[in-house]
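Visitor: One predicted model, sequence on top.
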Amino acid sequence: MNIHPWINYFTNQGVPQDTVELLLVLPIVATFIALVRQVIGIKAFGIYTPLLVIFAFLATGIKYGAVVFISVILVGMLMRLILRRLRLLYLPRVAITLTVVAFAMLAVLVVGGSFQRTGLAAVSIFPLLIMVIIVEKFIAAQIEKGNRTAILLAVETLAISVAGYYLASWEGLINSIVSYPWAVLLIIPFNVFLGKWTGLRLSEYWRFREIIKKS
């Protein structure tokens, strides 16, 4: 693999090569999320949340990361139903939910260890904390837009995150970045073009298909 002098300089200054690669991949993944949201029309929980989940998946692995993600969403849904009758204010409700989520995630890790799933039991705390962010986003979406929309946003976030994980872990992309790190700057004019997008999203073509046919 041909390593660009820039990369060698960074590593010689004590920066781990994995860190350099992740920082260079980050703008590409962010652009991918923006493309999916702007052109296809998948909403998800914004752009930062899927980005964080993607990097959590890179730390945990897609299989274990997806298990934790789904567990967090299910616990969030359950606690929403339980706490709704108590009529609590938003912040105390979120704090209680996060408490239950913490124990639920601990239970998932213990179950993983009992079934000899050492990869799941050995997941570090930081990817788990990233996953906890999903709970607050999910609860806020439930309150503002309803359960159906919140679940749809969670599914879309998971779909984008899985696709972004495979993009960020693609060996061909990593090798290209290491060989030509300056090429990452090309996404800036691409995002300028994307920012001026005025056409319908692909999902809107399906949504308004009857109107388009009549016109």
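Guide: On my side now, so go ahead.

Visitor: Show the contacting residues for the spatially closest residue to Tyr180 that is not a sequence neighbour.
Guide: Among residues not flanking Tyr180 along the chain, His4 sits closest, at 6.5 Å (Cβ to Cβ, 6 or more residues apart in numbering). Heads up, the C-betas are built off the backbone N, CA and C, glycines and all. Residues in contact with His4 (Cβ atoms under 8 Å, 6 or more residues apart in numbering) are Val178, Ser179, Tyr180, Pro181, Trp182.

Visitor: what kind of secondary structure is Thr198 in?
Guide: With DSSP: H, G, I helix; E, B strand; the rest coil as the basis, Thr198 sits in coil.

Visitor: What count of nearby residues applies to it?
Guide: 4 (other Cβ atoms under 10 Å).

Visitor: before we move on, back to that, show me just the buried residues among the contacts of His4.
Guide: For those, a neighbour count by 16 or more other Cβ atoms under 10 Å gives the buried set as Val178, Pro181.

Visitor: JSON lines for the contacts of His4, including distance to Arg80 and pLDDT?
Guide: Formatted as JSON lines, the contacts of His4 follow (distance: Cβ to Cβ, whole Å; pLDDT from 0 to 100):
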{"residue": "Val178", "distance to Arg80": "44", "pLDDT": "88"}
{"residue": "Ser179", "distance to Arg80": "48", "pLDDT": "89"}
{"residue": "Tyr180", "distance to Arg80": "47", "pLDDT": "88"}
{"residue": "Pro181", "distance to Arg80": "44", "pLDDT": "87"}
{"residue": "Trp182", "distance to Arg80": "47", "pLDDT": "88"}
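
Visitor: Thanks again, I'm all set now.
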